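Trainee: Here is my input, please return the structure:
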Amino acid sequence: MFDNLQDKMDRVFKTLRGEAVLNEWHIDSALKEIRVALLEADVHFKVVKDFTARVREKAVGGDVLTAFSPAQQVIKIVRDELTELLGGEQVALALVGNPAVIMMVGLQGSGKTTTSGKLGLHLKNRGRRPLLVPCDVYRPAAIDQLRVVAKDTKVPFHEIGELRDPLEIARKAIAEAKTLLYDTVILDTAGRLHIDEELMAELQKIKEIARPSEILFVADAMTGQDAVKSAKQFDDTLSVTGIVLTKLDGDARGGAALSIKSVVNRPIKLVGVGEKYADLDLFYPDRMAQRILGMGDVLSLIEKVETEIDQKEAARLAERVSKDKFTLEDLRSQLQQVKKMGPMSQIVKMLPNMGNMKIKEDDIDESAVHRMEAILNSMTGKEREHPQLLNGSRKKRIARGSGTTVQEINQLLKQYLQMKKMMKSFSKGMGPRRLGRLAKGFKPEMFQ
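Mentor: Just a heads-up that it's a prediction; the model follows:
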């Protein structure tokens, strides 16, 4: 979403780095480019004006202009102000009460129902016992949709039978949660194509009954400033406690994410970064600011690895590598672990300075993993354990079975031997824990 903005910011900073000494003219020229970049990214014009004014005030100070590396000082100021623009510090969900009640509100089509399921899975994976409750009785199939989402995420669903009163549904769900010891109730409320008094009146009544500790406004980041405007209207009526931005992985310009905190003055607490149910992340303003400026997001990458990678499998691999027993079967297992982490294009963007390399999604062959897996799956278990058995006739059979060529099989085997040699040398003097981290760092582009 922020690729275009990142490219423009990168050009501005390259210009600054080329100057041995900075003066106010350099600062003003850079801020002019930053102002244009933010406006083109659909950031609210008042937000842009305030942002550039704060950066200029700090950047023209004597400490910056006379610093040993003034360009780096300016970049740091922009990063810090961008972090503040996005909210400053990460704000956690306030799960208070027994049960804690979360109201999901927003316009129709913003992704409330799917996000409710994602949130349920997010909380479940963190040791809580959530209950999904369908309070949208107006949109056709809304109840069935949430039921399907609940089934897919294995999060309990509150069955409402023939009941169609949202207020009574909320009341009974909370009572059921207390009886069955669910500690969190997620209310998927109704939305409209536009804000109306009837919708707001109903939400206010649900709020009075449920007394939620969180009222989360779900905003589609693809709608730009319309999402900011809607969030402000919902907040004026309901006093929302936080924002959930969906479709942050899309190709919109990102202005909503950069404007919404300043305009609505409510923190962004969660962001949807993909279509999978697990693709709901806590929002960290500092990490997002670093990604926008091409500095990467290593902390989020580490958390992603720790969440998705099987720790026992990593430990098992570390032990096998230390004993020089890394086989094609182990390689196949690692490919399956890599696939859990999502598209490589997303992972690459989390690495520092990768933005400067101008790597685009088209530059990364996502199908490489699938081709490698097809080759390995076409081998017998004995062949994967003993690659030396792979003669010409066996390779031809594997190529037919995997839809690849003998040349691709030879390339995979060559890279496998190189990887085995590298891992063996790295394993010397490394404990299983550190070697496990190395195994998690496997990248499929090594085999492209």
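Trainee: quick one: the strands in the chain?
Mentor: Applying DSSP state E to the chain gives strands spanning 100-105, 130-135, 184-189, 214-220, 242-246, 268-272, 280-282.
Trainee: Reformat those strands into TSV and put distance to residue 323, mean pLDDT and mean neighbour count next to each item.
Mentor: Using the backbone N, CA and C atoms, a C-beta is placed for each residue, glycine as well. Below are these laid out as TSV (distance: least, CB to CB, whole Å; pLDDT from 0 to 100; neighbours: other CB atoms under 10 Å):
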stretch	distance to residue 323	mean pLDDT	mean neighbour count
strand 100-105	48	95	26
strand 130-135	43	95	27
strand 184-189	45	95	27
strand 214-220	50	91	25
strand 242-246	47	90	26
strand 268-272	42	91	23
strand 280-282	37	90	19
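Trainee: Nearest to residue 163, out of these?
Mentor: Residue 163 sits nearest to strand 130-135 of all the strands of the chain, at 10.1 Å, using CB to CB.
Trainee: So which other helices or strands are in contact with the closest one?
Mentor: Judged by 3 or more CB pairs under 8 Å, 6 or more residues apart in numbering; DSSP states H and E, strand 130-135 is in contact with helix 112-124, helix 142-153, helix 166-180, strand 184-189.
Trainee: Give the buried residues for stretch 108-124.
Mentor: Under the neighbour-count criterion of 16 or more other CB atoms under 10 Å, stretch 108-124 has 108, 110-124 buried.
Trainee: Centroid-nearest residue for the protein?
Mentor: The centre of the chain sits closest to residue 273, judged by CA atoms, centre = their mean, with a distance of 3.9 Å.
Trainee: just to revisit the earlier point, compare the helices and strands packed on strand 130-135 and give me the one nearest residue 44.
Mentor: helix 112-124 (23.6 Å).
Trainee: before we move on, the earlier item: what's near enough to touch the residue nearest to the centre of the chain?
Mentor: For residue 273, the contact set (CB atoms under 8 Å, 6 or more residues apart in numbering) comprises 248, 249, 279, 280, 281, 346.
Trainee: and these, which two are the farthest apart?
Mentor: The span of the contacts of residue 273, defined through CB to CB, is set by 280 and 346 at 14.1 Å.
Trainee: what's near enough to touch residue 234?
Mentor: Residues in contact with residue 234 (CB under 8 Å, 6+ apart) are 105, 106, 195, 217, 240.
Trainee: if you set the cut-off to 10 Å instead, what comes out?
Mentor: Taking CB atoms under 10 Å, 6 or more residues apart in numbering as the criterion, residue 234 is in contact with 105-107, 195, 199-200, 203, 215, 217-219, 240, 243, 264, 266.
Trainee: My read is that residue 15 contacts residue 30, right?
Mentor: Yes. Contact criterion CB atoms under 10 Å: residue 15 and residue 30 qualify, at 6.8 Å.
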